[in-house]
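Chemist: Dropping the sequence and predicted coords here.
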Amino acid sequence: MTMEPFARNVVHFVRLLRGAGLGMSPAHAVDALDALRFVDLHRRDDVRATLACLLVHASDERDIFDAAFDLFWRDPDWEGKLRALLLPKVKNGMPPPKRSNRLADALATRAAASKAQASESKPEAAHARITFSSQERLSHRDFDTLSADEWRTLRHQIRAHRMPLATEPTRRLKAASRGTHADLKASARHAVRSGGDWTVWKYRAAVERRPPLVLLLDISGSMSAYSRAVLYFCHALLQSRERLQVFLFGTRLTNATRALRERDPDVAIATLGQNVADWSGGTRIGAALAEFNRRWARRVLSGRATVLLVTDGLDHEAIDVLDAEMQRLRRFAHRLVWLNPLLRFADFTPRARGVRAILPHVDAMLAAHNLDSLGAVGRELAVLSQHKPLGGPRWN
């Protein structure tokens, strides 16, 4: 087997893994090619084991690697395999293989790139048409009105979005080239090393860190589409190692932070949908907040924490309990922001009893029904450190 086309395929395979979310770099392709020189390329298992040793760095990456290896190296008709991956079927009573949306997306991107390259090689007449971006159109669409294809496209946009959280100065100081505090000891040490000439001043500046963020997410039936969209944002924040705690509530409270640390967001949210018993069920906001205040508030609401309460507030049971627990939550939290999908209606007024019980205790109420509204929430959170009042409608 000649090495030149094989080396090209190894490079393409590393790019495929990088597109599926694995941390690949050109150095990985170089190391793989060097290692494969000492392996019999006709022995498939040896090639798989060698590439796995060099390209797999975590246990949750092995399934992605195995699926990519089987599709890339076995059958040249990998587009047909891609369709089989997206639509798994049960054969001979055996369960279908585990679906990998990350690998499917990477293969689809590679197929689109190859088709675009082929089309560019053909001379065609240029036509100017008035077009619009489908992504821009989807950013204005309500989460509850999307089709399956539109929802899949929107999920990719949500994953790529990064929420720029604010930073706040702490009491800790660190060495800096310039700052607000002169470091006399460091300046004196530098003067001694310079022969007694005090020519440079050393400074110390305050350490900046992001305040913790706690999200309380309603997963009742009326909030199902909106809660899934918010969970994709939470997954992106957790993958960026933000100080975020996520709690789900319907008729009970569930801590979802550990489940969302799964690298594949589709797998993480699908697992939550299967394991959380009250998903898309009823809602008991007051009881869920009471459990959170009793079990979790003192542990997760320290360090000037901001609480994001995502719910429509449509609870008609135990309104006195809801009012008391909201008042207690307000004392624990540094800031309390309510994200309400009902603000998508221009004529919305707080008439429901649950909405009226929650509203007096929040700093602001913001919309959370489409991609643009979630982006506005991120921009509001980015200025919290400047002690500016949050925007959004308020009622007396």
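Modeler: Thanks, I have it.
Chemist: Scan this structure for its longest strand.
Modeler: For the chain, the strand with the greatest residue count under DSSP state E is strand 168-176.
Chemist: elements contacting the helix or strand following it?
Modeler: Per DSSP states H and E, the first helix or strand lying C-terminal to strand 168-176 is strand 181-182. Applying 3 or more CB pairs under 8 Å, 6 or more residues apart in numbering; DSSP states H and E, we find strand 181-182 packed against strand 203-209. To be clear about C-beta, it is placed using only N, CA and C from the backbone, and glycine gets the same treatment.
Chemist: The next helix or strand after the strand it packs on pairs with which strands, parallel or anti?
Modeler: Downstream of strand 203-209, the first helix or strand assigned by DSSP H and E is strand 213-218. If you go by DSSP bridges, strand 213-218 pairs up with strand 244-249 (parallel), strand 306-310 (parallel).
Chemist: got a markdown table for those strands, with mean neighbour count and mean pLDDT too?
Modeler: Formatted as a markdown table, those follow (neighbours: other CB atoms under 10 Å; pLDDT from 0 to 100):
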| stretch | mean neighbour count | mean pLDDT |
| --- | --- | --- |
| strand 244-249 | 22 | 92 |
| strand 306-310 | 24 | 92 |
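Chemist: Which one of the ones you listed lies nearest to residue 44?
Modeler: strand 244-249 (42.1 Å; CB to CB).
Chemist: can you list contacts of the closest one?
Modeler: 212-219, 227, 231, 234, 237-238, 253-257, 260, 272, 276, 278-279, 283-285, 288-289, 292, 296, 300 (CB atoms under 8 Å, 6 or more residues apart in numbering).
Chemist: Go ahead and build a ChimeraX selection from the buried members of the residues you listed.
Modeler: Burial among the contacts of strand 244-249 is assessed by 16 or more other CB atoms under 10 Å; the matching ChimeraX selection reads:
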select :212,213,214,215,216,217,218,219,227,231,234,237,238,253,254,256,260,272,276,278,279,283,284,285,288,289,292,296,300
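Chemist: re earlier: just put the strands paired with strand 213-218 in CSV and tack on distance to residue 13.
Modeler: Output for the strands paired with strand 213-218, formatted as CSV (distance: least, CB to CB, whole Å):
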stretch, distance to residue 13
strand 244-249, 34
strand 306-310, 41
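Chemist: any idea how far the longest strand of the chain is from the chain center?
Modeler: Relative to its parent chain, strand 168-176 has a centroid offset of 28 Å by CA atoms, centre = their mean, to the nearest Å.
Chemist: what angle sits between it and strand 203-209?
Modeler: Angle of strand 168-176 versus strand 203-209, following axes from the mean of the first three to the mean of the last three CA atoms, to 10 degrees, is 140 degrees.
Chemist: how does this protein divide into domains?
Modeler: Domain ranges of the chain: 3-111, 169-209, 213-386, per automatic domain parsing.
Chemist: Buried deepest among these, which one?
Modeler: Mean neighbour count (mean count of other CB atoms under 10 Å) peaks for domain 213-386 among the domains of the chain, with a mean of 19.
Chemist: rewinding a little: for residue 154, which of the domains of the chain is the nearest?
Modeler: With respect to residue 154, and counting by CB to CB, the nearest of the domains of the chain is domain 213-386 at 6.6 Å.
Chemist: remind me which residues of this structure are low pLDDT?
Modeler: When residues are selected by pLDDT under 70, those of the chain lie in 1-3, 21, 60, 74-136, 159-166, 241, 384-396.
Chemist: which residues does residue 146 contact?
Modeler: Listed by CB under 8 Å, 6+ apart, the contact partners of residue 146 are 138, 154, 225.
Chemist: among those residues, which are in helices?
Modeler: 138, 154, 225 (DSSP state H).
Chemist: TSV please, covering the residues you listed and showing distance to residue 346.
Modeler: Formatted as TSV, the ones in helices among the contacts of residue 146 follow (distance: CB to CB, whole Å):
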residue	distance to residue 346
138	21
154	23
225	20
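Chemist: what helices or strands is whichever strand or helix holds residue 237 leaning on?
Modeler: According to DSSP H and E, residue 237 maps onto helix 224-239. Packing partners of helix 224-239 (3+ CB pairs under 8 Å, 6+ apart): helix 148-160, strand 213-218, strand 244-249, helix 265-275, strand 306-310, helix 371-381.
Chemist: cutoff 7 Å now
Modeler: Packed against helix 224-239, as judged by 3 or more CB pairs under 7 Å, 6 or more residues apart in numbering; DSSP states H and E, are the following elements: helix 148-160, strand 213-218, strand 244-249, helix 265-275.
Chemist: And the first one, what's buried?
Modeler: It stands for helix 148-160. For helix 148-160, the neighbour count (16+ other CB under 10 Å) marks 151, 154-155, 158-159 as buried.
Chemist: next structured bit after the helix or strand where residue 355 lies?
Modeler: Residue 355 is part of helix 353-358 when elements are defined by DSSP H and E. Following helix 353-358 in sequence order, the next helix or strand is strand 364-367 (DSSP H and E).
Chemist: Kind regards, and thank you for your time.
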